[in-house]
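Peer 1: Okay, structure incoming, though there's no sequence with it:
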């Protein structure tokens, strides 16, 4: 097990290297932050001066080497947009807000998908199944910004039940959580439903059924227990996708998390911040997947890591 | 003044576990919302008027414009010209910074010399005529310039001329200052949560007297529809850039008004006449000007908000020929004829239209309508819109306009000189359009050293005539935004796009 | 990294003969056919030029609404352009982005999967590191960054989709190659003098066809939503090209004042993606071997 974990962590190194190279190239090949900072009024001379001061006039590979060596020392550079604050600090201070939003979305997704999938699997091929399936696909088929705007209109403005935007009022997380969680709820419902149906087809369930056990007992005692593993795996993996989905949701709800930060950072060519966000999310994605795999093999010893 | 809806409170209580703070304020609180956040509080290192709109509540200038745009004493009580290149200012006595220290002439010297002398700060180009700020005594300074500077007062009443405490900046550095600023303004910053809110408190010892509000909150809400939603559900008191179609909705809410907010910004089309471009032919350029129905453009794109112009002139600017305001040329038949004279039959001329997406309200739509109007006189068009920074770095800065490019220019110096001086040969406008005119350059250079206001205005006006006649930059309309103001607040906006909340009163 | 897509799609064979139609499938195929016909014959169906504004008829409601006219059956948008015509033309871009994006992605993915699985060794490691790199970065962030940096055009969008979205296909194909490589009939074919690569391709392509079709169907749906999201962030396809995504994104500021601006393209996007996802589900069920075991 320890060997496995060490190997997995070592495997992350080339991936992280790839991520830094990819993002570095993307952001330096085009787009100049200097002109943005100076605004429409700047003179060509001012632009050249500032470029030189920021080291942007050096060849690309020199910039990358200096960037990587800084990175290895834990220095992610400074944010151009935020008056030279350390980029890592700028990103990390946004993490709690996004984590809170993602947590709410996950809660929404679980609260919806668990009963919906059980109902759908239990009444397979009947009306409740169709309704649950339709709603779960609908959750995936709606662009989340559109759903978010509708939620604001209905629950924030017309009914005035919940805060429209921001983070500071009680209950403010509910609407963005719903907007972000709807799609995940759809994914999870569909996965759990098919996983439940698959388990229900297996021999030991047939046996249990033949022995005359109540269907409800079968579902909750045996089927769910056997399906929950893959369900948890997917939840773990989708947590990372939630971080990306937060870009749109946070924009709609003015939620001050990483998503809002990164879209502004891209628009301002605040390269240090964009890189820090992408590298950080890559680390989160890989760590989550590692943790899920470890948990998986702890829960189910049959999984071998050859 | 933000109200909390009882239903919302009830439901909120249910989810109290998810609460992240937000105690109910019993005190008088004013909440304003804009689409953008401040990058920090380094007043010399930004160039955005919407950021200045926040800062103006925290820092004071030596002279400040009032509601009517007239220059009024602020931290300076009076001033006089002592020579062609020097101006003396008497400073207000007993002005306190937010940390309780007293403002002195040393602070003023420190604050103004940074943008004047440090070429690395973004505001340098607006202050580079200042050579020295001389301290005469604690309450008197002399600003020396490199020659006559007829618009010195315009310079020190805008972005980058706020007065900051030297001792504090020396202690924490500009980076520290940028996070925790101190000024002499009516509101002091208590906490800043990036992309979320700036929490400010009224500064009771402010020299004008304590403001009417205990707390001023500035919220960042990028989505226009969300901003409107907060305004009409009572979450914020003042919201900028209300989409024109929401005007009735805001008025109909009964708790807020949508107030027209004319700005100094003018939307313009830059025509590249360089390198054998078909636009090198003045007839083609005139045809394009005549093909565009500015009023129809305004009616279609912004629901009638805005005023057609033929140059970058708007009310409130000094030394601008107002004859170019509220007027436009439109004659599609003559345009077709001109094109024919230039050798282009129907649909034989193909032009590219470039512009930013999302930088200005409805910028893409503006280009789309211009394209339709050009199509109508037989010019084929191709549109390319780019996200702002890509547009800046790929089209605007490298001066590589393919055909026609859209931009919106404001005028932070509030003077006609600034509207045209960059069209001089070798300067930014001419690098983009390729237009050079010796007579024009001479007029601009003369005006920069002319102190007599009338003579100077005439020189600038003559320069305007030459520039407008060139048709190398076609001016479309003065941008007029809508700002939402709660009925519980008595405040009216001014055209410099500033959100001066000291003037706001509860009602 | 556990493979979420395998979990979602299951291992499937290509027994296309098993495709018995269900009611849902018929409806979905019907909707899809209508959209495809609409895209092909847009010029005949659309009553107006889709980018031509009628400056006197801005924000006209659909004909059944108060104030609506038969001149514009589904009303007009904020610049007075005919909604019906725009919706019809918009189907072109939705299908173009979806189908071509997926075709590019599946071609790249299949090729890389075959190479990685067949060559193995260092080549496999490098290719899988590339796959893992792309999987580790949230894709939305990549799309935003690439399009913000390189500008927006339909061609570029399709290429970018292909370059980012191929990983799922590569992993499925590679997995299949690896599992088949071990089987006896490869050895057997080698014994009778056939080159293993020929055998593998002959055996693998039919085997991966099922999963690829399923993944591709789901992917088309995802890409149509992606186009809308990019438009929302101001990174969509250039005007005057009409896309549902841009209509929806432009219409979002009119949700409360002129509902049809956003509601109609929203309905189109939802209808198309719904039928694609249901179709993908149905294909997976039909192509799935597991439930027969």
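Peer 2: Looks like it came in fine. A quick note: this is a predicted structure, and the numbers were derived from the prediction, not measured.

Peer 1: hmm, stretch A:273-284 touching chain B?
Peer 2: No. Using CB under 8 Å from any CB of the partner chain, stretch A:273-284 stays clear of chain B, with a minimum separation of 10.7 Å. From N, CA and C alone the C-beta is placed, and that goes for glycine too.

Peer 1: Correction: the previous question concerned stretch A:145-158.
Peer 2: Yes. In terms of CB under 8 Å from any CB, part of stretch A:145-158 sits within range of chain B, namely A:149, A:152, A:153, A:156, A:157.

Peer 1: chain center to that stretch: distance?
Peer 2: How far stretch A:145-158 lies from its chain's middle: 22 Å, per CA atoms, centre = their mean, to the nearest Å.

Peer 1: which parts of it are buried?
Peer 2: By 16 or more other CB atoms under 10 Å in any protein chain shown, the buried positions in stretch A:145-158 come out as A:145, A:146, A:147, A:148, A:149, A:150, A:151, A:152, A:153, A:155, A:156, A:157.

Peer 1: can I get those residues in JSON lines with secondary structure?
Peer 2: Listed next are these as JSON lines, based on DSSP: H, G, I helix; E, B strand; the rest coil:
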{"residue": "A:145", "secondary structure": "helix"}
{"residue": "A:146", "secondary structure": "helix"}
{"residue": "A:147", "secondary structure": "helix"}
{"residue": "A:148", "secondary structure": "helix"}
{"residue": "A:149", "secondary structure": "helix"}
{"residue": "A:150", "secondary structure": "helix"}
{"residue": "A:151", "secondary structure": "helix"}
{"residue": "A:152", "secondary structure": "helix"}
{"residue": "A:153", "secondary structure": "helix"}
{"residue": "A:155", "secondary structure": "helix"}
{"residue": "A:156", "secondary structure": "helix"}
{"residue": "A:157", "secondary structure": "helix"}
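
Peer 1: Just the closest of those residues to chain C, please.
Peer 2: residue A:145 (4.6 Å; CB to the nearest CB).

Peer 1: quick one, what contacts the closest one?
Peer 2: Taking CB atoms under 8 Å, 6 or more residues apart in numbering or on different chains as the criterion, residue A:145 is in contact with A:248, A:249, A:251, A:252, C:228, C:229, C:232, C:249, C:252.

Peer 1: What about chain B: which of those touch it?
Peer 2: Answer for those near chain B (CB under 8 Å from any CB): A:251, A:252, C:252.

Peer 1: can you tell me which residues contact the last one?
Peer 2: Contacts for residue C:252 were tallied using CB under 8 Å, 6+ apart; they are A:145, A:146, A:149, B:225, C:232, C:262.

Peer 1: Is it correct that it falls within a helix?
Peer 2: Yes. Under three-state DSSP, residue C:252 falls within a helix.

Peer 1: roughly how far apart are it and residue A:148?
Peer 2: 10 Å (CB to CB, to the nearest Å).

Peer 1: Where does pLDDT dip in the stretch 1-150 of chain A?
Peer 2: Within the stretch 1-150 of chain A, the segments meeting pLDDT under 70 span A:27-44, A:46, A:54.

Peer 1: what residues does the stretch 51-200 of chain A put near chain B?
Peer 2: Residues of the stretch 51-200 of chain A lying close to chain B by CB under 8 Å from any CB are A:53, A:81-85, A:90, A:93-94, A:100, A:104, A:149, A:152-153, A:156-157, A:159-174.

Peer 1: From those residues, list the buried ones, please.
Peer 2: Buried among those (16+ other CB under 10 Å): A:81-85, A:90, A:94, A:100, A:104, A:149, A:152-153, A:156-157, A:160-174.

Peer 1: restrict these to contacts with chain C.
Peer 2: Answer for those near chain C (CB under 8 Å from any CB): A:149, A:153, A:157.

Peer 1: Could you dump the contacts of residue C:252 into a markdown table with distance to residue B:395 added?
Peer 2: Supplementary listing: these in a markdown table, determined by distance: CB to CB, whole Å:
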| residue | distance to residue B:395 |
| --- | --- |
| A:145 | 28 |
| A:146 | 31 |
| A:149 | 31 |
| B:225 | 29 |
| C:232 | 23 |
| C:262 | 30 |
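
Peer 1: out of these, which one sits closest to residue B:486?
Peer 2: residue B:225 (18.0 Å; CB to CB).

Peer 1: ok, for that closest one, nearest residue in space, not its chain neighbours?
Peer 2: Ranked by CB to CB, 6 or more residues apart in numbering or on different chains and with sequence neighbours excluded, the top spatial neighbour of residue B:225 is residue C:253, at 5.3 Å.

Peer 1: got the contact list for that neighbour?
Peer 2: By CB under 8 Å, 6+ apart, the neighbours of residue C:253 are B:224, B:225, B:243, B:245, B:246.

Peer 1: and whatever residue of the stretch 151-300 of chain B ends up closest to chain A, how many neighbours?
Peer 2: Residue of the stretch 151-300 of chain B nearest chain A, by CB to the nearest CB: residue B:196 (3.5 Å). When neighbours are defined as other CB atoms under 10 Å in any protein chain shown, residue B:196 has 23 of them.
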